[in-house]
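Undergrad: Generate coordinates for the sequence data below:
(one chain, ligands or ions: 1)
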Amino acid sequence: MILKGKHILVGVTGGIAAYKSAVLVRELKKQGAEVKVVMTEMAKKFITPLTMATLSQNPVLVDFFDPENGAWNSHVSLGLWSDMYVIVPATANTIAKMATGVADNLLLTTYLSARCPVMIAPAMDLDMMAHPATQQNIETLRQRGVIIIDPDEGFLASGLSGKGRMAEPESIARAVSDYFCSKEGSLLGRRILITAGPTYEKIDPVRFIGNYSSGKMGYAIADALGWRGATVELVSGPVQVKAKCGNVKVTKVESAVQMRDAATALFPDCDGAVLSAAVADFAPKSVADVKIKRKGDDLKIELAPNPDIAATLGKMKKPSQFLAGFALETNDEMSNAKAKLQAKNLDFIVLNSLQDKGAGFMVDTNKVSIIDVSGAVSDFPLKSKLEVAEDIADKIELLLKD
Ligand code: PMT
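TA: This next block holds a predicted model:
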């Protein structure tokens, strides 16, 4: 609910991508925003006001006056109501009018009187998009502070393929939430390091020692902290997941040594770290230059211990910094987790056990206990990894307040 309490005005103009504005409204509502919609006459031909009114849970505004009762739809109060005005799609025509100050419909008069940030997602045929007039108009708006969500390349309604396809509604919604996260949030001004995913320890050019970590838990923590305004340095092993929040900067690594090097370089400039990566404790002593061929029955690979990243950061930790780790256990969970908390000089440890159904690797859920350095234990029920990440973010906020 990153947009809880935010008033977002969605302006819809007459382009085929108008149908995607319905998905944008739904995404914004899902994030907790209150949404109002203003449409041009032409937009009504592509998507009905009824659809937009139903999704936004507010009447849709099109005319300066209500044709039924003559009530004035005040563009001034609409502009003042809005925390952000998002125009999707923004046609070449509307962009040109915005750039030149034409005020011949409610969407445009609202733009001219809005005091809030304005975002546009241009959508048009590739040649219209590439035309110097359109490019110049977009540049004019950019220079006036309008946030431009660049169109994607791809299949266009004309049958042609190229740049002009409106950005997907999910990424426009993300740009809206990223805007507010970078301006406000309970962790604004904080920099937090996260490690996530597995490490791969090379055996030869085609094989490695790895584990089942998908990165879902670590990326959820990174997003949760980023959405609260923190700048997140995410050091990630090889994973398929992607960070959703724009405040998350990802450094990709493969081995434990690379993860250690990246984490130790970043940690001194951070307020703290959460180490959720499943780091291989051992790596092959030597890496074969060529693929190891099958010879005889057994293959012996000698392993050497990897650096303990958590313990290394625990030694580097300054009094102003916090350090949190995870404990993935299969037995004697509580005592093992408490031992790791002490040995690695952590402020708290998040225990998850493979004995619990729906917890641990790969799944979208987790069941954790947070154990404090004071010995206090908070048990949480099975939740989505994003909800677990929110609980961890709450704990971090408390630590940083002290
Ligand atoms: O990625 P997912 O599929 O979403 O799965 C999430 C998870 C199960 C990987 C995650 O919730 C989790 O438990 N991560 C820690 C896994 C682990 O390696 O635990 P551990 O008990 O072996 O390690 C204890 C702590 O020391 C951890 O914070 C770990 O990151 C850290 N460590 C361990 C070894 C090492 N060489 N360096 C470390 O920093």
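Undergrad: how would you label Asp297: helix, strand or coil?
TA: Using DSSP: H, G, I helix; E, B strand; the rest coil, the secondary structure recorded for Asp297 is coil.
Undergrad: The chain: helices as residue ranges?
TA: 18-30, 43-46, 49-56, 75-81, 92-100, 106-113, 126-130, 132-143, 169-183, 216-227, 256-266, 309-316, 333-343, 385-401 (DSSP state H).
Undergrad: which ones are touching Leu9?
TA: Neighbouring residues of Leu9 by CB atoms under 8 Å, 6 or more residues apart in numbering: 35-38, 78-79, 81-82, 84-86, 110, 114, 116. (Each C-beta comes from the backbone N, C-alpha and C, glycine too.)
Undergrad: can you list the domains in the protein?
TA: The chain breaks down by automatic domain parsing into domains covering 7-180, 187-401.
Undergrad: if we can go back for a sec, could you provide the contacts of Leu9 in JSON lines, with additional columns for distance to the ligand, neighbour count and pLDDT?
TA: Listed next are these as JSON lines, based on distance: CB to the nearest ligand atom, whole Å; neighbours: other CB atoms under 10 Å; pLDDT from 0 to 100:
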{"residue": "Val35", "distance to the ligand": "32", "neighbour count": "22", "pLDDT": "98"}
{"residue": "Lys36", "distance to the ligand": "38", "neighbour count": "22", "pLDDT": "97"}
{"residue": "Val37", "distance to the ligand": "38", "neighbour count": "27", "pLDDT": "97"}
{"residue": "Val38", "distance to the ligand": "42", "neighbour count": "27", "pLDDT": "96"}
{"residue": "Leu78", "distance to the ligand": "43", "neighbour count": "22", "pLDDT": "85"}
{"residue": "Gly79", "distance to the ligand": "43", "neighbour count": "19", "pLDDT": "85"}
{"residue": "Trp81", "distance to the ligand": "40", "neighbour count": "16", "pLDDT": "93"}
{"residue": "Ser82", "distance to the ligand": "38", "neighbour count": "24", "pLDDT": "95"}
{"residue": "Met84", "distance to the ligand": "33", "neighbour count": "22", "pLDDT": "97"}
{"residue": "Tyr85", "distance to the ligand": "37", "neighbour count": "26", "pLDDT": "97"}
{"residue": "Val86", "distance to the ligand": "32", "neighbour count": "28", "pLDDT": "98"}
{"residue": "Thr110", "distance to the ligand": "44", "neighbour count": "26", "pLDDT": "94"}
{"residue": "Ala114", "distance to the ligand": "42", "neighbour count": "20", "pLDDT": "92"}
{"residue": "Cys116", "distance to the ligand": "37", "neighbour count": "15", "pLDDT": "94"}
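Undergrad: how about the residues you listed in JSON lines, adding distance to Arg142?
TA: As requested, those are exported to JSON lines (distance: CB to CB, whole Å):
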{"residue": "Val35", "distance to Arg142": "25"}
{"residue": "Lys36", "distance to Arg142": "25"}
{"residue": "Val37", "distance to Arg142": "24"}
{"residue": "Val38", "distance to Arg142": "22"}
{"residue": "Leu78", "distance to Arg142": "23"}
{"residue": "Gly79", "distance to Arg142": "20"}
{"residue": "Trp81", "distance to Arg142": "25"}
{"residue": "Ser82", "distance to Arg142": "20"}
{"residue": "Met84", "distance to Arg142": "16"}
{"residue": "Tyr85", "distance to Arg142": "16"}
{"residue": "Val86", "distance to Arg142": "16"}
{"residue": "Thr110", "distance to Arg142": "20"}
{"residue": "Ala114", "distance to Arg142": "16"}
{"residue": "Cys116", "distance to Arg142": "17"}
